[in-house]
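Novice: Output the structure for:
(2 chains)
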Amino acid sequence: MMITCTQVAKQFVVRNSGAVLCWAVETLTVAKGERVLVSGPSGCGKTTLLNLLAGLLRPDHGAITIADVRIDELDTASVDYFRGLHIGLIFQALQLLSPLSVLDNLLLGARFGRRWSPGEARDRAEHLLARVGLADRRTHRPGELSLGEQQRVAIARALINEPPLLLADEPTASLDARNAGIVLDLLFALSAEHGATLVAVSHDPTVQARFDRVIDATPWMQRAPEVTLV
Amino acid sequence: MSDFKLALVYLRSRTLVTLLTIASVALGLALATVVLLVARETENTLMQESGYWDVVVGAKGSPLQVALNVLYYLDAPTGNIDIKVWNTLQHDDAVKQIVPINMGDSYYGAPIVGTTMDIFAPRIEAGERILAQGQGFSKPFEAVVGADVARRNQLRLGQHFAGSHGWTASNDVHTESPYTVVGILALTGTSMDRAVYTDYRSVWEVHSHHDAHDSPAEVAASRRAYSMVTALLVRLTQPGRRFRFIEKVNAQQTAMAVIPVDQVSALAQKLIVPLQQLLISVAYLVVFVAGLSILISLYLTIHQRRRDIAILRSLGATQGDIFRLITLEAAMLAGLGVLAGWLIGHGVVAACVPYTLAHYGIAPHAWQVAPAEFLIAGSVWVLGILAGLLPAAIAYRVPVAETIVQE
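Specialist: As a prediction, the model looks like this:
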């Protein structure tokens, strides 16, 4: 799934100081099936890129095109539909729903992906749980799993609709080296199975070598007066 | 995963709050249901009983007291009327049927009503089943007993019992004049269930017996004194003749005629209706508070669930999906409360049947649904859903990216 960002800008007001920051990218292109890592220091706007690509944030300026769809021009409901069907999200803070079982967390992803029938969704969820090694934990609540296991559930949930675009925000940040390796292996293997484009954010330099390309996000966030995008 | 299951999971995840919210809705609806049922049953019973007879003739006094005493056995008689009144009215061409009522004794609190079997004629004509066992009385000291009297006192056919003087159980028991149970009445849920019916002459003879050792002259005087009846139940050839008939009776010095339906309606208007309105107002207030509890419960939970709502949105749930989910939770809370309230309301009434039967002669049809119940239950349910709209609107506006990053 081809991604193109052209002259995209988003302003933020810093709560405490009232200072205005501007996140801006002149041009960013990710090819279909490409695995890209966005790196940079904390606060440089790595997660902002993912939120903009996912349609969770709307840019103040510029164009974001994903698979020939200008998602910045879609209305809110259409963006939600688009995200549910085409984008798999993996968050830094895991973001599993604690009242639901592991299986139900996956089925919820399928519910809003609106792609599978209930039977197909269940088969797909069972298959993915087996792939991430958690078939026997399907009835457990997220709180009963280790962080590594929870991250594997989050990956499985992100992939349940076989999205052509996978966005992962610090997928290994809270894991030890062994679990980080397992999670990355799964992420690469499962996304490669159906040729998904992967855009991941990480400040961990040890994972960079595994990606096709590394984008430095350091210059993206600036104080507003310094931005000259038109 | 269906919306229903998701809503159910969230309701179960805060079990205590959910149960308390359901309980508050249930309490309001149960109160409203009980009030409705009691109102319906009271009105039905009173109006049905009062509608069997066009006119009641009794001793001069309070018209309402005459009606309550003769039809529902709820009050003491206003006195007795001379049997000549009965004899005269029997030959009145406006009278279709006239039945004497003789009262004064009781059996363990159940009034012994001296009358004729014609007292059951209107019920038989209305298709009601009168006798559950045995047969009607045909001579003095044969008795048919109401279903509740038979049950409470374990009376069976052929069994003998003695009445006591007055309206309540006393030591002045007429053991020398026992009654024989020849019939047991079917349960009707009316005052008939808690009365004993016997030949009207039984009452005279019981009280004449007191004077058995007196001189023949005194006995004769006593018999004359007891040649009176407490009241007369009258059916007219045409209901339209009631007012002329009443005027005629009231012109006499000793007797008074009343239209029972009018008396009972007036009683209902003065006492029962305002009480019902007050209770229904209280019920609506409780239901309103229950609606508020749904609002508060969901409002608080929305703030606790901002992260979950943001996650749902990130998975592709639209704002409409979120709004629908929260509204569905409100509908389920209100629906469960309505169901529980309906069951509790009807259950309470069912549990009170033995008490109301024993004390008021009314056996409410506890599980019969009144049409107004649908209106109230529907209103409560809709109110519950409306109470969920504000929290749903708040959930609708949860900013996804900010919430996920902050949490």
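Novice: quick one: average pLDDT of stretch A:222-230?
Specialist: Mean pLDDT, stretch A:222-230: 55.
Novice: Ok, stretch B:16-31 next?
Specialist: pLDDT averaged over stretch B:16-31 gives 89.
Novice: Convert the C-alpha atoms of it to PDB, please.
Specialist: Extracted in PDB, the C-alpha atoms of stretch B:16-31 (Å, rounded to 0.1, in the frame of the first residue of the first chain):
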ATOM      1  CA  LEU B  16     -21.900  -3.500  41.600                       C
ATOM      2  CA  VAL B  17     -22.700  -0.300  39.900                       C
ATOM      3  CA  THR B  18     -24.700  -2.200  37.300                       C
ATOM      4  CA  LEU B  19     -26.700  -4.000  39.900                       C
ATOM      5  CA  LEU B  20     -27.400  -0.900  41.900                       C
ATOM      6  CA  THR B  21     -28.500   1.000  38.800                       C
ATOM      7  CA  ILE B  22     -30.800  -1.900  37.800                       C
ATOM      8  CA  ALA B  23     -32.100  -2.000  41.400                       C
ATOM      9  CA  SER B  24     -33.000   1.700  41.400                       C
ATOM     10  CA  VAL B  25     -34.900   1.300  38.100                       C
ATOM     11  CA  ALA B  26     -36.500  -1.800  39.400                       C
ATOM     12  CA  LEU B  27     -37.600  -0.200  42.600                       C
ATOM     13  CA  GLY B  28     -39.300   2.600  40.800                       C
ATOM     14  CA  LEU B  29     -41.100   0.300  38.300                       C
ATOM     15  CA  ALA B  30     -42.100  -2.100  41.100                       C
ATOM     16  CA  LEU B  31     -43.700   0.700  43.000                       C
END
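Novice: quick one: contacts of that stretch?
Specialist: B:11-12, B:279, B:282-284, B:286-291, B:293-294, B:297, B:300-301, B:333-334, B:336-338, B:340-342, B:344-345, B:348, B:376-377, B:380, B:384 (C-beta atoms under 8 Å, 6 or more residues apart in numbering or on different chains). Heads up, the C-betas are built off the backbone N, CA and C, glycines and all.
Novice: Could you list the low-pLDDT ranges of the chain?
Specialist: By default, I'm working from chain A. The model of chain A has pLDDT under 70 over residues A:1, A:93-94, A:223-230.
Novice: Hmm, no, I was thinking of chain B.
Specialist: Chain B contains residues with pLDDT under 70 at B:167-171, B:208-226, B:358-362, B:405-407.
Novice: near chain A, which residues of it?
Specialist: Selection of chain B residues close to chain A by C-beta under 8 Å from any C-beta of the partner chain yields B:1-2, B:5-6, B:9-10, B:12-13, B:307-308, B:311-321, B:400-401, B:404-405, B:407.
Novice: Give the ChimeraX command for selecting the buried subset of the contacts of stretch B:16-31.
Specialist: The ChimeraX selection below is limited to those of the contacts of stretch B:16-31 classed as buried (16 or more other C-beta atoms under 10 Å in any protein chain shown):
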select /B:11,279,283,284,286,287,290,291,293,294,297,301,333,334,336,337,338,340,341,342,344,345,348,376,377,380,384
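Novice: out of the residues of chain B next to chain A, which are buried?
Specialist: Buried by 16+ other C-beta under 10 Å: B:1, B:6, B:9-10, B:13, B:307-308, B:311-319, B:321, B:400-401, B:404-405, out of the residues of chain B next to chain A.
Novice: tally of neighbours for the closest residue to A:Ala158 other than its chain neighbours?
Specialist: Spatially, and ignoring its direct neighbours in sequence, A:Ala158 is nearest to A:Gly88 (3.3 Å; C-beta to C-beta, 6 or more residues apart in numbering or on different chains). Residues lying near A:Gly88 (other C-beta atoms under 10 Å in any protein chain shown) number 29.
Novice: Can you check which helix is longest in chain A?
Specialist: If you go by DSSP state H, chain A has its longest helix at helix A:177-193.
Novice: Mind giving me the packing neighbours of that one?
Specialist: helix A:118-131, helix A:147-159, strand A:165-169, strand A:197-201 (3 or more C-beta pairs under 8 Å, 6 or more residues apart in numbering or on different chains; DSSP states H and E).
Novice: Check whether residue 140 sits in a helix, strand or coil.
Specialist: Picking chain A for this. Classification of A:His140 using DSSP: H, G, I helix; E, B strand; the rest coil returns coil.
Novice: oops, chain B please
Specialist: Three-state call for B:Pro140 (three-state DSSP): coil.
Novice: So for A:Leu190, which of the helices and strands packed on helix A:177-193 sits nearest?
Specialist: Of all those, helix A:147-159 sits nearest to A:Leu190, with 5.2 Å by C-beta to C-beta.
Novice: Buried residues in the closest one, which are they?
Specialist: Result for helix A:147-159 [16+ other C-beta under 10 Å]: buried residues A:Gly148, A:Glu149, A:Gln150, A:Gln151, A:Arg152, A:Val153, A:Ala154, A:Ile155, A:Ala156, A:Arg157, A:Ala158, A:Leu159.
Novice: Which ones among the contacts of stretch B:16-31 lie within helices?
Specialist: Among those, the members found in helices (DSSP H) are B:11-12, B:279, B:282-284, B:286-291, B:293-294, B:297, B:300-301, B:333-334, B:336-338, B:340-342, B:344-345, B:348, B:376-377, B:380, B:384.
Novice: A:Asp104: which element?
Specialist: helix A:102-113 (DSSP states H and E).
Novice: Give me the secondary structure label for the residue nearest to B:Thr188 when sequence neighbours are not counted.
Specialist: If the residues on either side of it in the chain are set aside, B:Thr188 comes closest to B:Glu128, at 6.8 Å by C-beta to C-beta, 6+ apart. Three-state assignment for B:Glu128 (three-state DSSP): coil.
Novice: B:Glu128 touches B:Leu187, doesn't it?
Specialist: No: B:Glu128 is beyond contact range of B:Leu187, at 11.0 Å (criterion: C-beta atoms under 8 Å).
Novice: Look up how far B:Val9 lies from the residue of the stretch 151-300 of chain B found nearest chain A.
Specialist: The minimum distance from the stretch 151-300 of chain B to chain A, using C-beta to the nearest C-beta, falls at B:Leu298 (15.3 Å). Counting by C-beta to C-beta, to the nearest Å, the separation of B:Leu298 from B:Val9 is 15 Å.
Novice: Now do the contacts for the residue of chain A found nearest chain B.
Specialist: Residue nearest to chain B within chain A (C-beta to the nearest C-beta): A:Gly84, separated by 1.8 Å. By C-beta under 8 Å, 6+ apart, the contact list for A:Gly84 reads A:Phe112, A:Gly113, A:Arg114, A:Asn161, B:Leu315, B:Gly316, B:Ala317.
Novice: Quick check: which element contains it?
Specialist: For A:Gly84, the element it lies in under DSSP H and E is helix A:76-86.
Novice: now the angle between helix A:102-113 and that helix, please.
Specialist: Computed by axes from the mean of the first three to the mean of the last three C-alpha atoms, to 10 degrees, the angle separating helix A:76-86 from helix A:102-113 equals 130 degrees.
Novice: Tell me the helix or strand right after helix A:76-86.
Specialist: Remark: after helix A:76-86, the chain's next helix or strand is strand A:87-90, criterion DSSP H and E.
Novice: Check which helices and strands that following strand sits against.
Specialist: Against strand A:87-90 (3+ C-beta pairs under 8 Å, 6+ apart) you get helix A:147-159, strand A:165-169.
Novice: And these: which comes nearest B:Ser50?
Specialist: Here helix A:147-159 is closest among those (C-beta to C-beta), at 70.3 Å.
Novice: just how off-centre is that closest one within its chain?
Specialist: 12 Å (C-alpha atoms, centre = their mean, to the nearest Å).
Novice: what's around the nearest residue to B:Thr78 once chain neighbours are set aside, how many residues?
Specialist: The spatially closest residue to B:Thr78, leaving aside those adjacent along the chain, is B:Gly61, at 3.2 Å (C-beta to C-beta, 6+ apart). Look at B:Gly61: counted by other C-beta under 10 Å, it has 14 neighbours.
Novice: Thanks a lot, catch you later.
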